[in-house]
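> from the sequence below, what's the structure:
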Amino acid sequence: QVQLGESGGGLVQAGGSLRLSCAASGLTFSSNRMGWFRQAPGKEREFVAAISWSGGLTYYADSVKGRFTISRDNAKNTVSLQMNSLKPEDTAVYYCAAARRYSGSYYSQTEYSYWGQGTQVTVTS
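Numbers count the residues shown, from 1 in each chain. All right, here's what the predicted structure looks like:
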């Protein structure tokens, strides 16, 4: 079955960096778009970043643009999220998700068929 496993979360001070990784198995990774979403306490889950199947297209939420970078390695079935200049408002559980290659909006959670369990990111001020 499809499995997505996130890693790399943790506790960091504001202004610091973290790199999240997501390892995928059970699917044809290179045929899937990949996305990162997050959910802060008491808030709905929101889009963070997404990348096309080839890696040629990337999309970001306005709140992270210029600070976060999504990338993928189709040979290793992994997608990563480099997070720089972290802010306390970036504190959330971060989820990796996979969508079919020709799905609809990259930003919509409903387009993503598979989800990881999430990894906690906590940014202290």
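> just the strands in the protein please.
Using DSSP state E, the strands of the chain run over 3-7, 10-13, 18-25, 32-39, 46-51, 58-60, 68-73, 78-83, 92-100, 112-115, 119-124.
> who's the most centrally placed residue in the chain bridged to?
By C-alpha atoms, centre = their mean, the mean C-alpha position of the chain lies nearest to Trp36, the distance being 2.1 Å. Counting by DSSP bridges, Trp36 forms beta bridges with Ala49, Cys96.
> just to revisit the earlier point, so can I have CSV of the strands of the chain showing distance to Tyr106?
Backbone N, C-alpha and C define where each C-beta goes, glycine included. Below are the strands of the chain laid out as CSV (distance: least, C-beta to C-beta, whole Å):
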stretch, distance to Tyr106
strand 3-7, 17
strand 10-13, 27
strand 18-25, 16
strand 32-39, 6
strand 46-51, 4
strand 58-60, 5
strand 68-73, 11
strand 78-83, 13
strand 92-100, 8
strand 112-115, 9
strand 119-124, 21
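> in a markdown table, list these along with mean pLDDT.
Compiled in a markdown table, those are given as follows (pLDDT from 0 to 100):
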| stretch | mean pLDDT |
| --- | --- |
| strand 3-7 | 97 |
| strand 10-13 | 98 |
| strand 18-25 | 98 |
| strand 32-39 | 97 |
| strand 46-51 | 98 |
| strand 58-60 | 98 |
| strand 68-73 | 98 |
| strand 78-83 | 98 |
| strand 92-100 | 96 |
| strand 112-115 | 96 |
| strand 119-124 | 98 |
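> roughly how far does the residue nearest to the centre of the chain sit from Ser7?
According to C-beta to C-beta, to the nearest Å, Trp36 stands 13 Å off from Ser7.
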